[in-house]
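Colleague: Can you look at this prediction? I've put the sequence above it.
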Amino acid sequence: MSSPNVFTRRGVLTAAAGTAGAITLSPLLAACGNNASNGGASTKTGLQAALPNYKPLTGGVTPDIPIVTGVNGALTNPGFLSYPTNLVKTVTGTVGSGGTYAGVAPSWNPVPPAGNSYYTAVSTALGATFNPQPANGNTYSTTIPPLIAANKLPDWIQIPSWLNATFNTGGLVGTRLADLTPYLGGDAINDYPNLAAIPTGGWKCGVWDNKLYGIPSYTDGEGFAGCLYYRKDLFDAKGITPAVKTAADLKALGQEVNNPSGNVWAFDGMFVYLYQVFGVPVNNFYLDGGKVKSAFEHPAMLECLDFCNGLAKAGLVHPDALANVNTSNPSRFQAGKTYMEGNGMGAWNSGDTQTGSSAHKAYTRQAFPVFSNDGSTPTIGMGASSGWVSYLNKNLSASQIKECLRIANYFAAPFGSYEYNLINFGVEGADYTMGADGPVRTTQGSNTAANNIYNFFGSPQATVYNAGYPDITKAYSDWSADAAKYCYKPTFWNLNITVPNQYSKTAAASELNDAMQAVWSGKQPVSAYQTALATWKSSGGDAMVAWYQKNVVDKGLS
């Protein structure tokens, strides 16, 4: 997979969510269930005690572009301009002790045959038998609940955070899922160096009620949901160097290149990606003088809607984007039908360039540096550090849990290590050969080792690498380093909060999101959104916000 955040689906998912033009509750917050007495959240002191101490690896492969520390704890992801040629070993000594474990995780790829040579090679390296049981990702939400109801959870299970509500994870922790705090909290994690190198934000996603239960995968040091992109090659052809510092600049640039008669428009869909520009709070909530409020009612939301409504009415947005018609391979942006779009960070990669280049040889995606509506100092909210968390069955003994954690430590070996190559590509010569730009899968490897089978049970911090396209890696990393200067932690950042079931419909806010789309697409005035907002507030929105105030903020939970 050639996403810049190697082997992560964050970009794909945020892009899919954003296309609909709706605010979506953070996956960690949309957890409605029965454990509502204290919201499932943690106290500040309890959370600190449960979290592992972050300890970056030493002596491994040095990235070409090192991690940059931004403000408020933001960490950029390490970047590699070329694939390491001298693979290092990060795991020494015995990993497993002969145990056998079954792990269930979602998969959106063909399931490899059981007992294949790739699985065998990994189990041999582990000194334990780990039996992956990939389940259809499209039906995962309905496949797992019967196992929970029948008390037939596997030894190890991946629960994507947006399914916390469906699986009632808040009710499973402590009763069906093992407490890992004694094994990983504080300096205890030093027994597992690769796990200790995972940024703290990822571990926070696995904490419930002051205890650590989950092992994060695909941890991102920044978690940016996306940004505003432009076709650098198309602007270069017109002799234009985009310089955007305000929302007015963005609109003016769009007016300069818009050409509907030539079947080219300035903008594709970008409403939710303009939240950063206007300062709409991330995660759907914000604190105003210690009081919880919904981002739906933040003044910046009206400003953002009004701006997008103006773009639509001015004829600057592609008609299919206004109609919420999605395209792929190539997208309108890749095909040169639009000059600018909003999209997830996972859109900026070598695969994107390969697709775009098929239509325009000089195709180049670039991103505008973060900016604000009025030219003041910008801000950008950090997204969830991980949306993928795995859990161990409480029925495992202490020795089995330790064995599984050693296995997870192997799975979390960093980019450029021997272990990483085995987990992600299989056996050299059988599953892949080493080319100039890194591993090249064989036919066998494409059928067995190409589906990220083990990463859902443990993986290192995301890495920026684009095989054969170092310029993309550098541009992506440069943008991230700049954005990290303006980060803020949103309200309830990375928290697992179990909300009563009665608010599930309110949290979905379907009617309100429909009203938002009607406004930003130019079909309705901003007043239509205000009317829908008033209905949402009176029909449960205010009550849900009050619940957060009483059960989380007023109790000092974090």
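Modeller: Perfect, thanks for sending it.

Colleague: buried stuff in stretch 186-193?
Modeller: By 16 or more other C-beta atoms under 10 Å, the buried positions in stretch 186-193 come out as 188, 189, 192, 193. Bear in mind the C-beta positions are built from the backbone N, C-alpha and C, glycine included.

Colleague: Next one: the last one from residue 417, what distance?
Modeller: Per C-beta to C-beta, to the nearest Å, residue 193 is found 11 Å from residue 417.

Colleague: Return every residue with contacts to both of the two.
Modeller: Common neighbours of residue 193 and residue 417 (criterion: C-beta atoms under 8 Å, 6 or more residues apart in numbering): residue 90.

Colleague: that older thread, got JSON lines for the buried residues of stretch 186-193, with secondary structure too?
Modeller: Compiled in JSON lines, the buried residues of stretch 186-193 are given as follows (DSSP: H, G, I helix; E, B strand; the rest coil):
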{"residue": "188", "secondary structure": "helix"}
{"residue": "189", "secondary structure": "helix"}
{"residue": "192", "secondary structure": "coil"}
{"residue": "193", "secondary structure": "helix"}
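
Colleague: and which of the residues you listed is nearest residue 371?
Modeller: Nearest to residue 371, judged by C-beta to C-beta, of the buried residues of stretch 186-193 is residue 189 at 38.8 Å.

Colleague: Residue 93: neighbour count?
Modeller: Applying other C-beta atoms under 10 Å, we find 6 residues neighbouring residue 93.

Colleague: Now do the contacts for the residue nearest to residue 132 when sequence neighbours are not counted.
Modeller: Nearest residue to residue 132, sequence neighbours excluded (C-beta to C-beta, 6 or more residues apart in numbering): residue 453, at 4.7 Å. Each residue near residue 453 by C-beta under 8 Å, 6+ apart is listed here: 105, 107, 112, 118, 119, 132, 134.

Colleague: which one of the residues you listed sits closest to residue 212?
Modeller: residue 105 (19.6 Å).

Colleague: Within the helices and strands, which one has that closest one?
Modeller: Taking DSSP states H and E as the criterion, residue 105 maps to strand 100-107.

Colleague: Also residue 72?
Modeller: With DSSP H and E as criterion, residue 72 is part of no helix or strand.

Colleague: pretty sure it contacts residue 486?
Modeller: No: between residue 72 and residue 486 there is no contact under C-beta atoms under 8 Å: 9.4 Å.

Colleague: who has more neighbours, those two?
Modeller: Higher neighbour count among residue 72 and residue 486: residue 486, with 20 against 13, using other C-beta under 10 Å.

Colleague: so how far is residue 365 from that one?
Modeller: 21 Å.

Colleague: just residue 555 next, same as before
Modeller: 45 Å.

Colleague: try residue 382
Modeller: To residue 365, residue 382 is 23 Å away according to C-beta to C-beta.

Colleague: swap in residue 255?
Modeller: Distance of residue 255 to residue 365, computed by C-beta to C-beta: 22 Å.

Colleague: Could you check which of those two is surrounded by more residues?
Modeller: Set side by side, residue 255 and residue 365 show more neighbours around residue 365, with 22 against 13, by other C-beta under 10 Å.

Colleague: who's in contact with the more buried one?
Modeller: 229, 230, 231, 232, 333, 347, 348, 352, 353, 356, 472.

Colleague: how far out from the middle of the chain is the strand holding residue 105?
Modeller: With C-alpha atoms, centre = their mean, to the nearest Å as the basis, strand 100-107 stands 21 Å off its chain's centre.

Colleague: where in the chain is pLDDT low?
Modeller: 1-40, 558 (pLDDT under 70).

Colleague: hmm, try it at 50
Modeller: For the chain, the stretches with pLDDT under 50 are 1-39.

Colleague: Check the contacts of residue 453 and tell me the two furthest apart.
Modeller: Top of the distance list for these (C-beta to C-beta): 105 and 118, 15.7 Å.

Colleague: any idea how far residue 395 lies from residue 537?
Modeller: In terms of C-beta to C-beta, residue 395 sits 45 Å off from residue 537.

Colleague: between these two, which one's more packed in?
Modeller: Per other C-beta under 10 Å, whichever of residue 395 and residue 537 has more neighbours is residue 537, with 18 against 11.

Colleague: List the residues that contact that one.
Modeller: So residue 537 contacts 294, 297 (C-beta under 8 Å, 6+ apart).

Colleague: How about residue 362?
Modeller: So residue 362 contacts 233, 236, 237 (C-beta under 8 Å, 6+ apart).

Colleague: ok, how many other residues are close to the second one?
Modeller: So that's residue 236. Residue 236 has 14 nearby residues by other C-beta under 10 Å.

Colleague: Could you pick out the buried ones from the contacts of residue 365?
Modeller: Buried among the contacts of residue 365 by 16+ other C-beta under 10 Å: 229, 230, 231, 232, 333, 347, 348, 352, 353, 356, 472.

Colleague: Roughly how far does the spatially closest residue to the third one that is not a sequence neighbour sit from residue 236?
Modeller: The one in question is residue 231. Once flanking residues are discounted, residue 231 sits nearest to residue 339: 5.4 Å by C-beta to C-beta, 6+ apart. With the distance defined as C-beta to C-beta, residue 339 ends up 12 Å from residue 236.

Colleague: what does residue 422 give?
Modeller: 43 Å.

Colleague: try residue 282
Modeller: For residue 282 relative to residue 236 (C-beta to C-beta), the value is 33 Å.

Colleague: Kindly report the same for residue 343.
Modeller: From residue 343 to residue 236 the distance is 20 Å (C-beta to C-beta).

Colleague: Could you do residue 220 as well?
Modeller: Per C-beta to C-beta, residue 220 is found 31 Å from residue 236.

Colleague: Ok, residue 83 next?
Modeller: For residue 83, the distance to residue 236 - C-beta to C-beta - is 29 Å.

Colleague: again with residue 453
Modeller: From residue 453 to residue 236 the distance is 42 Å (C-beta to C-beta).

Colleague: Just give the number of residues close to residue 394.
Modeller: 16.

Colleague: what residues are up against it?
Modeller: The neighbours of residue 394, taking C-beta under 8 Å, 6+ apart as the test, are 174, 175, 176, 177, 178, 179.

Colleague: and if we set it to 7 Å?
Modeller: Contact analysis of residue 394 by C-beta atoms under 7 Å, 6 or more residues apart in numbering lists 176, 177, 178.

Colleague: Good, wrapping up.
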